[in-house]
Each structure stands twice: as C-alpha cells, then as structure tokens.
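1. structure, please.
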Amino acid sequence: MVSREEIHSLCHKYYEENFAAGKKFEPEKTFLPANGKVLDVDDLSMLIDASLDMWLTAGRFHEQFEKEFAKFWGLRHSLMVNSGSSANLVAFSALTSPFLKDRKLKPGDEFITPAACFPTTINPALQYGLTPVFVDVDLKIHNVTPEQIEEAITPKTKLVMIAHTLGNPYDAKKISEICKEKGIWFVEDCCDALGATIHEKHVGTFGDLATCSFYPAHHITTGEGGAVMTNNPALKKFAESFRDWGRDCYCAPAQENTCQKRYSWKIGELPLGYDHKYIYSHIGYNLKATDWQAALGLSQLKKVSGFIEKRRYNFNYLKTKLIELGAEEYFDFPTALEGANPSWFGFLLTLKNANMNRSSLLQYLNDKKIGTRLLFGGNITKQPGYLEINKRVIGDLKNTNLIMEKSFYVGIWPGLNEEMLNYIASNLMHVKNL
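-> As a prediction, the model looks like this:
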C-alpha cells in the first residue's frame, strides 16, 4: 500500500528535478512580468495533500485557512471566496441585507470611490443600482484623501468603498472616523495591500469590512481566490449567507443541525419545520473556494512576511537605482503617507514631460522583455462600459487623467532579484530618447 509519506517524498523529488534550480536570467530573453507568483515544494506538497483527501469542495484546509487568515489581520472573521472580485461582491452584498433595516444599502443611494480604480471595486454597487460619486486622487500617493471624501458627502451618501492603490495606504483611520460620525459604511479593498500598515495597524482593520485577492499577481496566491474580513459578527453572518447561496443555515460543509433545531424553524411564509438547510434569507450566490485553494493558501500564508519584506526591499532598491541613474528628471515616484508602511504591489512611474510618449516607452520595454501595467482602469469614467452610467463627478479629475495618460508600473514582486531590477532600471532610462 502506497502511503502519503511515499507520495510526498516523490513530490519533493519531482520538484527538485524540475523546478528547484530555477531559470537563469538572460537579458532580453527572460521575460520579467510586472506581477508574478512564487511557489515552492511546500506549496506543491499541500496541493497534493488536499488532492489525497479526495474532498473536492471546502473542507478542513478551508476552515483552517479562514482562521489563520483572520489571525494574520488581527480580525475576528475571515471568509474565503473564489476571487478578489467575489470578495468585493460579497462584502457589498452583506450591506444590502434586509436584517440591517434602515441601514441597508438601497438602489439610489450614493457611494464614494476614486475614479482611478479597478472595475470590480465598484461594479457590485453599480449593478445593485447605487450611484457612484467619483473623486480625484492625490498624485503623490495615488489615493484619495479624507478631505476629498468629506467634500463628496451628501445626505444620500451611504457607502465609501476604496482600494489601497498598489499597496500604498491612504489615511484609513481618518476616513473611518468621518464615516462613523456620519453613519456611512466603509469598505476597504485591500486586494493590492496585504500586510500594509497605517498608524501601526493593518489596512483592512479600519473599515466595517475589508477584502483581499489571491490571484497569482498578488501577495499570496491560491490560483483564483479571495477573502472578506470583518470584526462585526452580524456582517460576517450576512456575508457568509450571500457567499453560500443565500442560505439561512450556517452549518459548515459536511456538518448538519448545528443549530439543534433543523426541522423546527418557522421563517418567512414556509411551513413550520421546513428543513433549515434549504431556507434562504438572502438572494445569494455560490462563491466558495475549494480545499485545494485553501491548502495552497495555508502554505503561502506561512511565507507571507518574507514576501512582503522582499517587495519592500525591491521597491527601495529599484527607487535607489533609478535615482542614481537620474530618473527623477523624467519620472515622478510614489511616496507614502507619514505613519504608513506600504506593502508594495508595483512600482508606479509617471512621466513628467507632457510631450513624452508613454506608448513608445512601453513598447520599448516590452521588446526588452520587461512587463508593464497601467494603473488598472485609469480614469474609469472614460472606459466604454461606464460612459452611460448614472454618476456624479467631483471636480475635474485632473490627477486621475494624468495617471490615465502618463502612468505605468513595473514589477517589484519577490521573484525579481537585484540583477533583474538593475536591468529594469537601466532600460527605463530609454525615457531620455523619447
């Protein structure tokens, strides 16, 4: 009989023979993506362990990951979902629960968000019928400021939902205080910002809810995957319901009758004793993750502190190198707020000269096998899918438009070393030829 230990031993041997040595970096031949994942033999071993359980859906690894991930944030609850976009959908949906009564979000309510954003931060609210109020960003941190939030608030404002752009925190403490004072829900999209802190607290711990992504580009990966976090037990219950088909039952997978009255409930207009496992208190979805994803997440979570520190090191190394090369004459670099410790997702560069052609530079970098990314949707109000939506816009979005036209980022993820960063820096200086 073949044991798990024998299978894992073969797994380690396979990894050593095929992946352990890595690939030698060859300038102009090795592609350096703007984002990437770092996987090792422990990750492979955990995936195999989950496979050997023959448990296809959420199981023991899923339960353990949710506990460990909440512990990392210092929060009471974390719910794993199948993507960061689903995390935003679940977090938003929780705030529409009828159990919130007068505080539930309704079509026609307004929500404040930056125009320089990723689409799925705002799509759930748009699809539910809320009106977005788009604000500009500060050009140094590429995030909104508390003052911009305050300026946009009206009696219709019921939600502020904003991301910590590229892992660089905004002043979540001050924005949280504004929202609490005015009775406005606050959701922190931390999909780019795992491990970032502001005022010595993790981002994601200031809002009513927070979200995270585990796509391969992000700080840890589960392939596809994400999470919703909160300290509020009621919001956790609503979010879990929306994630799990909208059901009222809160039994864990493969468990039954946790409430000890499965056939004794009387809810809605259903007959007395209708099986609680099939009672739906919300109009929900199925957005759960698999145990394979959770197993990989547990392995990645053990390495997350090292990943974050490598991102910070790479960011500072690349910045120092670019300054040495005189790049400040051509680019604006991102800065952090006082009291913030970013968990950098990428190194954003903004061309200073309005006459410089960004596309030409990006094409040159691409030809040199250096990957780049724009700042997501640029000005989301200019995107074709958003031209006709009902919206309010505060001011002229001058900085957002500049980002849309002149900004891009290069990689600083943990798989890049100093030799690779030197290569990126030297090729960025092609900007002098534009």
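2. now for the closest residue to Pro119 other than its chain neighbours, how many residues are close by?
-> Spatially, and ignoring its direct neighbours in sequence, Pro119 is nearest to Gly377 (5.7 Å; CB to CB, 6 or more residues apart in numbering). Placement of C-beta: from N, CA and C, glycine included. Using other CB atoms under 10 Å, Gly377 has 21 neighbouring residues.
3. from Asp367, how far off is Gly377?
-> 26 Å (CB to CB, to the nearest Å).
4. list the buried residues in stretch 219-231.
-> Neighbour counts over stretch 219-231 (16 or more other CB atoms under 10 Å) mark 219-231 as buried.
5. CA atoms of that stretch as CSV?
-> This file holds the C-alpha atoms of stretch 219-231, laid out as CSV (Å, rounded to 0.1, in the frame of the first residue of the first chain):
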residue,chain,number,x,y,z
HIS,A,219,1.0,39.0,-2.4
ILE,A,220,0.0,35.4,-1.8
THR,A,221,-1.8,33.1,-4.3
THR,A,222,-4.4,30.4,-4.3
GLY,A,223,-4.6,30.4,-8.1
GLU,A,224,-8.0,32.1,-8.1
GLY,A,225,-9.3,33.2,-4.7
GLY,A,226,-10.0,36.0,-2.2
ALA,A,227,-11.4,36.7,1.2
VAL,A,228,-13.8,39.0,3.1
MET,A,229,-12.8,40.1,6.6
THR,A,230,-14.7,41.8,9.4
ASN,A,231,-14.9,42.2,13.2
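6. what's the offset of it from the middle of its chain?
-> 7 Å (CA atoms, centre = their mean, to the nearest Å).
7. one more: stretch 388-403?
-> The mean C-alpha position of stretch 388-403 is separated from the chain mean by 23 Å, CA atoms, centre = their mean.
8. so where's the longest strand in this protein?
-> In the chain, with assignment by DSSP state E, the single longest strand is strand 157-163.
9. what helices or strands is that strand leaning on?
-> When contacts are defined as 3 or more CB pairs under 8 Å, 6 or more residues apart in numbering; DSSP states H and E, strand 157-163 sits against helix 84-94, strand 110-114, helix 119-128, helix 172-182, strand 185-189.
10. what's in contact with that strand?
-> With CB atoms under 8 Å, 6 or more residues apart in numbering as the test, strand 157-163 has contacts from 88, 92, 95, 105-106, 109-114, 117-118, 121-122, 125, 130, 133, 143-144, 149, 170, 175, 179, 182, 184-193.
11. filter those residues down to the buried ones.
-> Buried members of these, scored by 16+ other CB under 10 Å, are 88, 92, 95, 105, 109-114, 117-118, 121-122, 125, 130, 133, 143-144, 149, 170, 175, 179, 184-193.
12. thinking again about what came up before, do I have it right that the residue nearest to Pro119 meets Gln383?
-> Yes: look at Gly377 against Gln383 with CB atoms under 8 Å: they come within range, at 5.5 Å.
13. overlap of the contact sets of these two?
-> Common contacts of Gly377 and Gln383, defined by CB under 8 Å, 6+ apart, comprise Pro119.
14. related to what we said a few turns ago, and the buried residues of stretch 219-231, which two are furthest apart?
-> Gly223 and Asn231 (28.0 Å; CB to CB).
15. please name the bridge partners of the nearest residue to Phe111 once chain neighbours are set aside.
-> Nearest non-adjacent residue to Phe111, counting by CB to CB, 6+ apart: Leu159, 3.8 Å away. Taking DSSP bridges as the rule, Leu159 bridges to Phe111, Trp185.
16. tell me how many other residues crowd Asn257.
-> Asn257: 12 neighbours (other CB under 10 Å).
17. Provide the backbone phi and psi angles at Thr131.
-> Taking degrees, to the nearest 10, you get phi -100, psi 120 for the backbone angles of Thr131.
18. surely it and Thr113 touch.
-> No: taking CB under 8 Å as the definition, Thr131 is not a contact partner of Thr113, at 10.9 Å.
19. pLDDT at Asn355, what is it?
-> Listed pLDDT for Asn355 reads 91.
20. where does it fall, phi/psi-wise?
-> Torsion angles, degrees, to the nearest 10, at Asn355: phi -90, psi -10.
21. these two touch, right, Phe331 and Lys432?
-> No: Phe331 is beyond contact range of Lys432, at 11.2 Å (criterion: CB under 8 Å).
22. more crowded one of these two?
-> Phe331 (21 against 12).
23. residues in contact with the more buried one?
-> With CB under 8 Å, 6+ apart, Phe331 has these contacts: 322, 349-352, 428, 431.
24. walk me through the domains of this structure.
-> Domain assignment of the chain by automatic domain parsing yields the ranges 49-301, 304-433.
25. winner for burial among the ones you listed?
-> Sort the domains of the chain by mean neighbour count, taking mean count of other CB atoms under 10 Å, and domain 49-301 sits at the top with a mean of 20.
26. now do the contacts for the closest residue to Lys182 other than its chain neighbours.
-> Nearest residue to Lys182 in three dimensions, chain neighbours excluded: Ile153, at 6.4 Å (CB to CB, 6+ apart). Shown in contact with Ile153 (CB under 8 Å, 6+ apart): 112, 178, 182, 184.
27. give me the pLDDT value at the last one.
-> The predicted local confidence for Ile184 comes out at a pLDDT of 99.
28. residue contacts, it?
-> 153, 157-160, 178.
29. and those residues, which two are furthest apart?
-> Lys158 and Ile178 (13.5 Å).
30. just checking, Tyr330 touches Leu351?
-> Yes: using CB under 8 Å, Tyr330 is in contact with Leu351, at 6.8 Å.
31. which residues do these two both contact?
-> Val431.
32. hang on, the earlier thing: what separation is there between the residue nearest to Lys182 and Ser83?
-> Distance from Ile153 to Ser83, counting by CB to CB: 30 Å.
33. could you do Pro114 as well?
-> From Pro114 over to Ser83 (counting by CB to CB), the distance is 21 Å.
34. and the lowest-mean-pLDDT helix or strand in the chain, what's buried?
-> Ranked by mean pLDDT, DSSP states H and E, the helix or strand of the chain with the weakest confidence is helix 4-18, at a mean of 91. Neighbour-count burial for helix 4-18 flags 8, 11, 15 (criterion: 16+ other CB under 10 Å).
35. so which of those residues comes closest to Asp49?
-> For these, the nearest to Asp49 is His8 (7.6 Å; CB to CB).
36. list the contacts of that closest one.
-> His8 neighbours (CB under 8 Å, 6+ apart): 45, 48-49.
37. just to revisit the earlier point, spell out which helix or strand contains the residue nearest to Pro119, please.
-> Counting by DSSP states H and E, there is no helix or strand that carries Gly377.
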